[in-house]
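Asks: sequence-free structure coming up:
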């Protein structure tokens, strides 16, 4: 929410500096992550072993990337239900493009890898372009548009592969890149960190952050203030599509095959992470820092439940309880702040 | 040339007025009519008695969930947990029937149906309580209960289907009147009830007011919370009724029975003309939406279009429908 200087708007902004407010918002999540980690370490020391930590980081970073796109869309008051389908379709198009390029140019390893990745990312951008274009041009409800898109892209992903994984991807992509480390940290995590950094820059250093928050708070006022609201809407949905396809490509590299089933859980998870990370469903607010913390939290919780050997069906119940508890907490803290 | 164009535009204007008078969904009947006529010409078997009855049954089984979804939609809410509620009701009903089998088949079946409906009403009460009582966002609440209820439904049986007594199947699936399945009559009765509820009762008017203008409703002395709470209970009750009919058809309590029903129910309701922004929903809208989706999918089956391609086409239709809807209102 953009506001005039805080002195004139006491009901929106408290007198505390921005960084202090950020810490206040982030503290409960950070404490929860720390407390859970300590408890899990006491229960099972292998929780903090090298392999498990890189597991945790990988899971958290992929979640953070897809939820970052969801956050940007939710800030402008929208929704993107198609992120999971987009990730799956990108995985499939990446793999199909790589196998096709391999047949035509069997020796050009770099071309195969880069061409495949480019096709995957373009897929995501295209899906986002359609979502954003339809929503901006027709003013149609984002929920329904992205719901239709979810059906369309996941149908396309299954149709292209008949539901079976696409194998035969180059080693440079599935081994050298996906299993590679820099400073002991997986290359997948580095890519995710780059995305997170870009989102941070967009939110803090460019007009993008202010304009999208304004757009989510009051679309008409923002339009009247001279902001190209339609262009921002399209751009935000394209970013969400791009981030979904990045996750799709990274998962393809990790799994070693293009799969039309990878996205099934991502839509729900991305919304859950965004909500727990403090993104308002009414639009206008949301910070990448909260997303990263919430992704860490979900990663630790899921990992912990696996360590404690909680049945996967019970795990979904726990995730549901967390989602509701998070909104309850948000509700209580919000109403306390109001006069 | 000019006159015919004028006449066409005048006719179109009349149509538009009629559409506005109807409130919603003028495009849906037109598309339906065109699709049905085209199919009847292209493929006479499409209008055979067998296929008509089959389409009627499919429409009924989708419409009941679209009707369920319409109530929270009118109150500016959502029920994302609908599919999971259907699964839960199905599983609970089947498990109860199995454990009460010593009481004799008819008693066991009745107990099972009651237990299934009760479990669904419990979900509705939790949703309604959190949305209306605490004031939480319905999207997030039902997203949470979707996970919780889905997890419970698959935990109860360990993820396996539970067979139901043959009597349930005989009562609710195989029995028919004038060669029309009983399920169709059950849904028709539900539609009549919804019509009475929405168009002739004070509750219906209050529900629409609460959905279209909550603050006006408060000023008008309406207890909005109770209305919203009731809308979630009605949603769960209708979902449970549909779950029992589906369970009778499959002959077992399925933990995955609800699968795509949440999204399908929303799609059918909105395509029929229920507004996502609340306050607007005529009693025939979910039926029209369900009919359109069923006719289209039956037509695509006749042309043996790949089921994945069907998904793509249905997705495109959903997007096109909401765009047309917005164009019309603009």
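Replies: Done, it's in. Just so you know, these numbers come straight off a predicted model, no measurement behind them.

Asks: what does chain A put close to chain B?
Replies: A:134, A:138-141, A:143-145, A:147-156, A:158-159, A:268, A:271-272, A:275, A:281, A:311, A:313-317, A:319-324, A:327-328, A:331 (C-beta under 8 Å from any C-beta of the partner chain). Backbone N, C-alpha and C define where each C-beta goes, glycine included.

Asks: which ones among those residues lie within helices?
Replies: Mapping these onto helices (DSSP state H) picks out A:134, A:138, A:143-145, A:147-156, A:158-159, A:268, A:271-272, A:275, A:313-317, A:319-324, A:327-328, A:331.

Asks: which of the residues of chain A next to chain B are buried, as a ChimeraX select command?
Replies: Selection command for ChimeraX covering only the buried members of the residues of chain A next to chain B, criterion 16 or more other C-beta atoms under 10 Å in any protein chain shown:
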select /A:134,138,139,140,141,143,144,145,147,148,149,150,151,152,153,154,155,156,158,159,268,271,272,275,281,313,315,316,317,319,320,322,323,324,327,328
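
Asks: for chain B, what helix or strand is lowest in average pLDDT?
Replies: helix B:2-22 (a mean of 53; mean pLDDT, DSSP states H and E).

Asks: gap between the most centrally placed residue in chain B and residue A:236?
Replies: Against the mean C-alpha coordinate of chain B, by C-alpha atoms, centre = their mean, the closest residue is residue B:66 at 1.6 Å. From residue B:66 across to residue A:236, the span is 31 Å (C-beta to C-beta, to the nearest Å).

Asks: same question for residue A:277.
Replies: Taken as C-beta to C-beta, the span from residue A:277 to residue A:236 is 17 Å.

Asks: got any ranges where the chain has weak pLDDT?
Replies: I went with chain A, as the question did not name one. A:1-19, A:21-22, A:333-339 (pLDDT under 70).

Asks: wait, chain B was what I had in mind.
Replies: Those would be B:1-26, B:325-330, if you go by pLDDT under 70 across chain B.

Asks: helices along that one, start to end?
Replies: Using DSSP H, the helices found in chain B span residues B:2-22, B:27-42, B:49-74, B:82-99, B:105-128, B:138-156, B:166-169, B:182-195, B:202-212, B:214-219, B:224-250, B:261-272, B:285-302, B:307-329.

Asks: for the stretch 101-250 of chain A, same thing?
Replies: Remark: helices assigned in the stretch 101-250 of chain A by DSSP state H, counting those that start in this stretch are A:109-138, A:142-161, A:171, A:187-204, A:207-217, A:219-224, A:229-255.

Asks: okay if I get those as CSV plus distance to residue A:77?
Replies: CSV is the format used below for these (distance: least, C-beta to C-beta, whole Å):
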stretch, distance to residue A:77
helix A:109-138, 10
helix A:142-161, 8
helix A:171, 44
helix A:187-204, 16
helix A:207-217, 4
helix A:219-224, 7
helix A:229-255, 10
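
Asks: out of those, which gets nearest to residue B:84?
Replies: helix A:142-161 (17.2 Å; C-beta to C-beta).

Asks: for that closest one, what is the distance to the chain centroid?
Replies: 18 Å (C-alpha atoms, centre = their mean, to the nearest Å).

Asks: quick one: contacts of the following helix or strand past it?
Replies: Per DSSP states H and E, the first helix or strand lying C-terminal to helix A:142-161 is helix A:171. Counting contacts by C-beta atoms under 8 Å, 6 or more residues apart in numbering or on different chains, no residue outside helix A:171 touches it.

Asks: quick one, what contacts the closest residue in space to residue B:93 that isn't next to it in sequence?
Replies: Using C-beta to C-beta, 6 or more residues apart in numbering or on different chains and skipping residues adjacent in sequence, the residue nearest residue B:93 is residue B:116, 3.1 Å away. Contacts for residue B:116 (C-beta under 8 Å, 6+ apart) come out as B:89-90, B:92-93, B:96, B:240, B:243-244, B:247.

Asks: sounds good, over and out.
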